[in-house]
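J.: need a structure here:
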Amino acid sequence: MTPLLPLPCHPDAPGAAPLAGGWVRFDRARRLEDGATVGVGDLSAEERDILCEPRPPVAGLTWDAPRIMGILNATPDSFSDGGRTAAEVAALGAAMEADLLDVGGESTRPGAAEVPVAEEVARVVPVIEALRARAVSIDTRKAAVAEAALAAGAAIVNDVSALAFDPAMAGVVARAGVPVVLMHARGTPETMQAETDYADVVVEVLAALAGRVAAAEAAGIVRDRILVDPGIGFAKTAAQNVALLRALPALHSLGLPVLLGASRKRFIGVIGDDPEGAANRRDPGSLAVTLAGVRAGVQMHRVHDVAGTRRALRLWDAIERGT
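T.: Prediction:
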């Protein structure tokens, strides 16, 4: 299917259709290949189904409202909040009002070095075991780490390489029958900021994600268990991040739930005129990006400030939906 950019409209607009079966309505869509705008009624049956059909639940989560993935960094060198012990990380996660907790033992900030498998396992497994009562995802590129995390109780694999870093990862996910997040990136954390040469970042990210989804399906991963993430901050300049954020509804043309992970990324400090400020000073800007994602129908939001995001979503819900 030709990539489409649905154009959100007032929910009461004549002919408006639900975007991904969620809270956003759209009445037109722009074809990215030529810029032509068509009404919902002029879409093919296939196009309309892909853009409008509700996405299946993932790990027990439905998509009738925006969901929060809380970030738990079990790393000493996270750009944002590293350095806590496993017990401190687990205690923090237990107190979070998140729908899902994302535990990671390897920093993927620009320039970060790879962590040995044994060390990464030692960082994440105690945290996941301590959080067995909660829904947990494992943020890793490595098959052996994913296996250990799933055995410890994780329910989702969140792979920033979209299964491309470790050839064994797709098999681990397929055999376990668990959901997976496929994120767009180029290169590795050490090299990615030198790989930002896009002719059209939106079109190329969509094409790359479609390719990784196809690869996952070919490896035996059921399509209904796949989420996609545009990879904000990964091999993208500030301007490219903004271009992707402005075009977020286009990700729904992949027909899958969308995850947005922009929290505390450096471009927020750059645009917010605080480029060298501490990462937690980017929380107001992170909330602005999250709410832009909500208006684009993004189903899952990966954030550091779970409590602040939850409050913002309550206000959004009251204002936009009267609930």
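J.: CA atoms for contacts and neighbours, from now on please.
T.: Noted.
J.: Could you list the domains of this structure?
T.: 1-54, 62-321 (automatic domain parsing).
J.: Deepest-packed of these, please.
T.: Ranked by mean neighbour count, the domains of the chain are led by domain 62-321 with a mean of 20 (mean count of other Cα atoms under 10 Å).
J.: And that one, how far out from the chain middle?
T.: How far domain 62-321 lies from its chain's middle: 5 Å, per Cα atoms, centre = their mean, to the nearest Å.
J.: Let's verify I68: helix, strand, or coil?
T.: strand (DSSP: H, G, I helix; E, B strand; the rest coil).
J.: mind checking how far it is from A98?
T.: 5 Å (Cα to Cα, to the nearest Å).
J.: which neighbours do those two share?
T.: Counting by Cα atoms under 8 Å, 6 or more residues apart in numbering, the common neighbours of I68 and A98 are V306.
J.: Reformat the domains of the chain as JSON lines; add mean pLDDT.
T.: Output for the domains of the chain, formatted as JSON lines (pLDDT from 0 to 100):
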{"stretch": "domain 1-54", "mean pLDDT": "95"}
{"stretch": "domain 62-321", "mean pLDDT": "94"}
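J.: which residues are contacting the host helix or strand of L291?
T.: L291 is located in helix 283-295, with elements delineated by DSSP states H and E. For helix 283-295, the external contacting residues (Cα under 8 Å, 6+ apart) are 8, 24, 66, 245, 248, 260, 262-264, 268-269, 272, 301, 305, 308-309, 312-313.
J.: How about stretch 155-175?
T.: Contacts for stretch 155-175 (Cα under 8 Å, 6+ apart): 59, 102, 135-143, 146-147, 150, 178-186, 212, 216, 219-222, 231.
J.: Take those residues and keep only those in strands.
T.: Using DSSP state E, the members of those that fall within strands are 102, 136-139, 180-183.
J.: how about those residues, which pair is most distant?
T.: Greatest spacing in those, by Cα to Cα: V136 and M183 (17.6 Å).
J.: D34 looks like it's in a helix, true?
T.: No. When classified by three-state DSSP, D34 is found to be coil rather than part of a helix.
J.: what's the helix or strand for A118?
T.: helix 117-130.
J.: before we move on, what about V270?
T.: Per DSSP H and E: helix 266-271 holds V270.
J.: what do you get for V38?
T.: Counting by DSSP H and E, V38 is found in strand 37-39.
J.: Show me what that strand pairs with in its sheet, parallel or antiparallel.
T.: Using DSSP bridges, the strands paired with strand 37-39 are strand 25-31 (antiparallel).
J.: hang on, isn't L72 packed against E106?
T.: No. Counting by Cα atoms under 8 Å, L72 stays clear of E106, with 11.1 Å between them.
J.: need the contact list for V115.
T.: The neighbours of V115, taking Cα under 8 Å, 6+ apart as the test, are E106.
J.: Tell me if I am right that it is in a helix.
T.: No. Counting by three-state DSSP, V115 falls outside a helix, being coil.
J.: what's the distance between it and G231?
T.: Counting by Cα to Cα, the gap from V115 to G231 is 20 Å.
J.: For F26, give the beta-bridge partners.
T.: Under the criterion used (DSSP bridges), F26 bridges to P8, A17.
J.: so how far is A208 from it?
T.: 25 Å.
J.: can you tell me which helix in the chain is longest?
T.: helix 201-218 (DSSP state H).
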